[in-house]
Every structure is written in structure tokens, then in C-alpha cells.
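Enquirer: coords please:
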Amino acid sequence: MTFSSGNRRFRADKTGYQDADKGDEGDEQSGRWLISYADLITSLMVLFLALYALELAKNRELEIKALEHRAEKTLAVSNAGGTPDTAKKQLLSLLEPLKSNSQITISNATHGVEIAINAKILFNSGDARLLPESFGVLSQIAGVLRDRSKNTILVEGHTDSVPIATAKFESNWELSSARAGAVVRFFADKGIEAHRMAAIGRADNFPLIIGDDAAARAANRRVTILVEY
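Expert: Numbering: from 1, shown residues only. Sure thing, here's the model as predicted:
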């Protein structure tokens, strides 16, 4: 029961009389934590929604890049003359004249067309500077790859198993990498887009012929050019 006395109100209960205004104020204060809690929940919800939106945007960007990459590959195949198999056959046909040189092999590899050039027609022993007599062959290859293909080109340098340690090349890793880089630079100078190419040093880890005799070592010293399909 509540009654007034002057400007104050009192509430009667079993324990006596209480100031009704103070009770209302206590009820109001006890409910304020709910407002703070609701604000916290709202802030957390906004945060998680923002993170979710960022993740969606990131995934969308990756999807767009993947689609662009597929479109570029499709365009490259189209420019090369149809399906990958057809494009590979056309490239092999264009490179056919190189087979007249016994130091060059052309093969239809699993992942593309591979051109293997014996290192002796490209470099002096233990050196990574292209010999002038190699310019004709490399120019012929560069012309075909520039005009009739837009695919990725991997140039790999391979050495024999004889260790090397000079002031310029500490090991076969450095030598093989430098030789691959020299061919890539030559191709770039001939107009092949730099972003299509990569120079890779393989040292003696992928021998063409297993063995340590002079013939095996000579065959294993080579540069391979893989046009990916």
C-alpha cells in the first residue's frame, strides 16, 4: 500500500514503510545494465557482419581472378589455333626445322612442347654467356614463340654432375640458373613478353642420361624450353 506525506510517497509492506520514490529509482538503475548489454550485443553483431562482408568480398575477388586467368588461357589457346592439342601440333610443326640440328630435340611433353638444346652450342664450359653462334637458333625459336604462342614459357638450365666452384659460380645451382636467365633475357630482347617467362636452375638433379661417362655428362648439359599447354 502506498500513501503520501507532503511531497514524499511511502510504500507499506510486512517490514514497515519504505520510501516509494527510492524504490522506483532503484528499479530504474537495476534496468540500466540491460541497455548496456544490448548495446554490446549490437556492436558485436555489427562487427561480425562487417568481417563476414570482408570475407565475402575477398572470396569474390579470388573468384574474379580465377575467371580472368581461365579467360586468358582460353584466349591464348584460341589465338594459337583451337584446342590445346591442335595448338601443340601447330607449334611442333613450326619448330620442325630445328630437328635438322642433332643438338636440338623437340618433343610433345605431358604439359606442353619441350625444346631441349645441348649446352655446347649455347655456352662455353663453365660459362653462362651466350655464344654468338647460338643467336641464330635462339632467334628462330623466339620468333615462333613470340608470334604463334601466348602461353607460359619455362626455361630450365641443367648441368652435369661434376661439381663447380669458381669466383662467379659457387655451384651448379648458380651456373644452371645463370644459363637459364641468359636465354630468358635473349627472348625478352626479341620481343617475348617478360611476364610469360621464368628462368629455373636445375643443376644436375634431372639428368637426361644416367651415368658419369663423358657422353652422359655431355648430354646432360642442356637448356630446356617448355611451352606450357
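
Enquirer: only C-alpha atoms for contact and neighbour calcs from this point on.
Expert: Will do.

Enquirer: now stretch 114-127: mean pLDDT?
Expert: For stretch 114-127, mean pLDDT rounds to 96.

Enquirer: give me the contacts around it.
Expert: 103-108, 129-131, 133-134, 164, 175, 179, 218-227 (C-alpha atoms under 8 Å, 6 or more residues apart in numbering).

Enquirer: could you pull out the helices for this structure?
Expert: 20-30, 32-80, 84-94, 135-148, 172-189, 214-220 (DSSP state H).

Enquirer: flag the shaky bits of this protein, pLDDT-wise.
Expert: 1-31, 69-82 (pLDDT under 70).

Enquirer: follow-up on the earlier one: name the stretch among the helices of the chain that sits most buried.
Expert: Burial of those is given as mean neighbour count (mean count of other C-alpha atoms under 10 Å); helix 172-189 ranks first at a mean of 21.

Enquirer: what's in contact with that helix?
Expert: Applying C-alpha under 8 Å, 6+ apart, the set of residues contacting helix 172-189 is 126-130, 138-139, 142, 155-159, 163-164, 169, 194, 197-204, 223.

Enquirer: now the helices of the chain in CSV, with distance to Leu208?
Expert: Conversion of these to CSV gives the following (distance: least, C-alpha to C-alpha, whole Å):
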stretch, distance to Leu208
helix 20-30, 84
helix 32-80, 30
helix 84-94, 21
helix 135-148, 21
helix 172-189, 15
helix 214-220, 5
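
Enquirer: need the buried ones from the contacts of stretch 114-127 selected in ChimeraX.
Expert: Buried subset of those, written as a ChimeraX selection, criterion 16 or more other C-alpha atoms under 10 Å:
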select :104,105,106,108,130,175,179,218,219,220,221,222,223,224,225,226,227
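
Enquirer: from the contacts of stretch 114-127, which ones fall inside strands?
Expert: The strands, defined by DSSP state E, take in 104-108, 222-227 from the contacts of stretch 114-127.

Enquirer: domains in the protein, by residue range?
Expert: 2-30, 84-228 (automatic domain parsing).

Enquirer: of the contacts of helix 172-189, keep whichever come out buried.
Expert: Among these, those scoring as buried are 126, 128, 130, 138, 142, 155-159, 169, 197, 199-204, 223 (criterion: 16+ other C-alpha under 10 Å).

Enquirer: alpha carbons of stretch 115-129, in CSV - could you do that?
Expert: Output in CSV follows, covering the C-alpha atoms of stretch 115-129 (Å, rounded to 0.1, in the frame of the first residue of the first chain):
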residue,chain,number,x,y,z
ILE,A,115,62.7,-27.8,-76.8
ALA,A,116,66.0,-29.2,-75.5
ILE,A,117,69.2,-27.5,-76.6
ASN,A,118,72.6,-29.0,-75.9
ALA,A,119,74.7,-26.5,-73.8
LYS,A,120,77.7,-26.8,-76.1
ILE,A,121,76.0,-24.8,-78.8
LEU,A,122,75.0,-22.1,-76.3
PHE,A,123,77.8,-21.6,-73.8
ASN,A,124,81.5,-22.3,-73.3
SER,A,125,82.3,-24.7,-70.5
GLY,A,126,81.7,-23.3,-67.0
ASP,A,127,80.3,-20.0,-68.5
ALA,A,128,76.8,-18.5,-68.8
ARG,A,129,77.4,-16.0,-71.6
